[in-house]
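Participant: Could you look at this predicted model? Sequence included:
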Amino acid sequence: MADSSQQDGLRLIPAVDQLLLRPRIVDWVRRTSRGFVVAEIQLLLREVRTGIQSGDPGWTSTADIGSLESLLEARLESRLLPTLLPVINGTGVILHTNLGRAPLSQAAQRSLSSLSGQYTNLEYDLGRGGRSQRDRLLEQSLKEVLGCETATVVNNNAAAVYLVLNTLARGKEVIVSRGELIEIGGSFRIPDILALSGATLREVGTTNKTRAEDYASAIGPETALILRVHPSNYRMVGFTHRPELSEILELAWRARLPMVEDLGSGCLVDLGPYGITNEPLVQKSIAAGVELVCFSGDKLLGGPQAGIIAGSARLVDQVRQNPLMRTYRVDKLIYGALEATIASYKTGRALEEIPVLRLISTKADEIRDRSRRFARRLRLRIPSGLDVKLIQGSSVVGGGSCPECHLPTSLLALESDRHRPNRIEARLRAQNPPVILRLEEDRALIDLRTVFPEQENGLLDGLVKALA
């Protein structure tokens, strides 16, 4: 039996109708709906009743109607907060998978804004006045940029690889080097995709060495295609060998087999001058004679999440006719953002207009100067016992791309007598907007390479609050 204090607490709990009459709650009913507010009131009162009955005195102190009104309003506000939020990326990881990979260009953002609230000609031929195929919307633009016969778009590169294998190799063998049986984030493994597609894996060579003759000896009557996979998220060094693309193409041509290349990152411009090496250009593979390539839209390409399949019309059209194609198609917003991104390559302004490429090409001295100015502003606003120092470090491309490439940068190291680095990191995550930083060697570090100039004031305010 509940004691007298519990009984007193339970008697304090108001009825649902009493809370609905409170001025601030009346405003919530007007702005949302009675059902939405009533459901939250009932949940809150049930929690209070259970808490009081458990003997926790803290619940009794919140059972009066004034306290419940404030608590209810806070809960209603939290219920309407979006779960997907913009964040400030202070990690220096340019293609941060956990933070959404490539930020879109201004042109792509304008496309999203203009298309999202309107009807569009997604599957309507304006010239002919009849139905069209959405997967041919970007065909002409991709042909111009890539130099291919045709191309189509699906929702990501994993889907692209799966559809190609399921279409061209179901029930037959696919030859792959053992050194290319990769796994990328999210447990995407080439052997698993092959198995699910209905194709049979035929491994050749060894982990560290595969030669052209290994491919040649594996070709047989059950061979459907040769698959070459770009190891975008790792590198093997030392006693290794990988055949040149031209060698495998020669084998495929003699055996009259299609060659498919999974290029992963989707690099369309030479990033060698900025320290990014070993990223094959999609256009070069197509020009060399690769019949089918596939790659991501939201990595080095710098667009929205998508998978692009490009190459010969004969093979791409077979993929288009696969009944599974419909399950991997993209919507009008992806097409619009991707088209705007591709346009920057058509006009030759990709390095200036696409954020990912602009961040990669930013020089170390530019970041150093920005960091010095930012540190001076921060020091003027933080209390004693706190400091910010500039140290040398590296940014990385991330997103499973360019694992051996490190871009020189300047890092802001936050030091405090009051707060441990992990506490600073947690406080920054709780800011609005949330700030994501790097923890290394028991230091809280911020790399301004991945912080856009228009975000600096928000970052400064967040740091001041977090360090207070």
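Facilitator: Sure, I can see it.
Participant: And the pLDDT for residue 21?
Facilitator: Residue-level confidence at residue 21 comes out at 93, pLDDT.
Participant: swap in residue 462?
Facilitator: Listed pLDDT for residue 462 reads 90.
Participant: Please apply the same query to residue 179.
Facilitator: As predicted, residue 179 sits at a pLDDT of 83.
Participant: sec struct for it, please.
Facilitator: helix (DSSP: H, G, I helix; E, B strand; the rest coil).
Participant: close enough to count as contact, it and residue 207?
Facilitator: Yes - Residue 179 lies in contact with residue 207 (C-beta atoms under 8 Å); the separation is 5.5 Å. For the C-beta atoms, the positions are set from N, CA and C on the backbone; glycine is no exception.
Participant: And those two? Which one has more around it.
Facilitator: Between residue 179 and residue 207, counting by other C-beta atoms under 10 Å, residue 179 is the more crowded of the two (20 against 12).
Participant: can you tell me how far that one sits from residue 11?
Facilitator: Using C-beta to C-beta, to the nearest Å, one obtains 74 Å as the distance from residue 179 to residue 11.
Participant: Residue 219 now?
Facilitator: Distance, residue 219 to residue 11, by C-beta to C-beta: 85 Å.
Participant: likewise residue 229?
Facilitator: Residue 229 is 70 Å from residue 11, by C-beta to C-beta.
Participant: So for those two, which sits in the more crowded spot?
Facilitator: Neighbours were tallied for residue 229 and for residue 11 using other C-beta under 10 Å; the higher tally belongs to residue 229 (18 against 8).
Participant: Roughly how far does the residue lying closest to the more buried one once chain neighbours are set aside sit from residue 358?
Facilitator: Spatially, and ignoring its direct neighbours in sequence, residue 229 is nearest to residue 180 (3.9 Å; C-beta to C-beta, 6 or more residues apart in numbering). Taking C-beta to C-beta as the criterion, residue 180 is separated from residue 358 by 31 Å.
Participant: Name the spans of the stretch 201-350 of the chain whose pLDDT lies under the cut-off.
Facilitator: Within the stretch 201-350 of the chain, the ranges that satisfy pLDDT under 70 run 232-239.
Participant: In its sheet, which strands sit next to the longest strand seen in the chain, and in what direction?
Facilitator: Looking only at the chain and at elements set by DSSP state E, the strand with the highest residue count is strand 401-416. Strands adjacent to strand 401-416 in the sheet, as given by DSSP bridges, are strand 386-398 (antiparallel), strand 443-447 (antiparallel).
Participant: And for the first one, what's in contact with it?
Facilitator: Counting by C-beta atoms under 8 Å, 6 or more residues apart in numbering, strand 386-398 makes contact with 92-97, 276, 300, 359-360, 368, 371-372, 375, 378-379, 382, 402, 405-418, 445, 447, 449-450, 467, all of which sit outside it.
Participant: Could you tell me which of those count as buried?
Facilitator: With burial judged by 16 or more other C-beta atoms under 10 Å, the buried subset of those is 92-96, 276, 300, 359-360, 368, 371, 375, 378, 382, 402, 405, 407, 409-414, 416, 445, 447, 449-450, 467.
Participant: quick one, what contacts residue 64?
Facilitator: residue 12.
Participant: Please parse this protein into its domains.
Facilitator: The record assigns the chain these domain ranges, following automatic domain parsing: 4-79, 88-95+362-467, 106-353.
Participant: What about residue 391, how many residues nearby?
Facilitator: 12.
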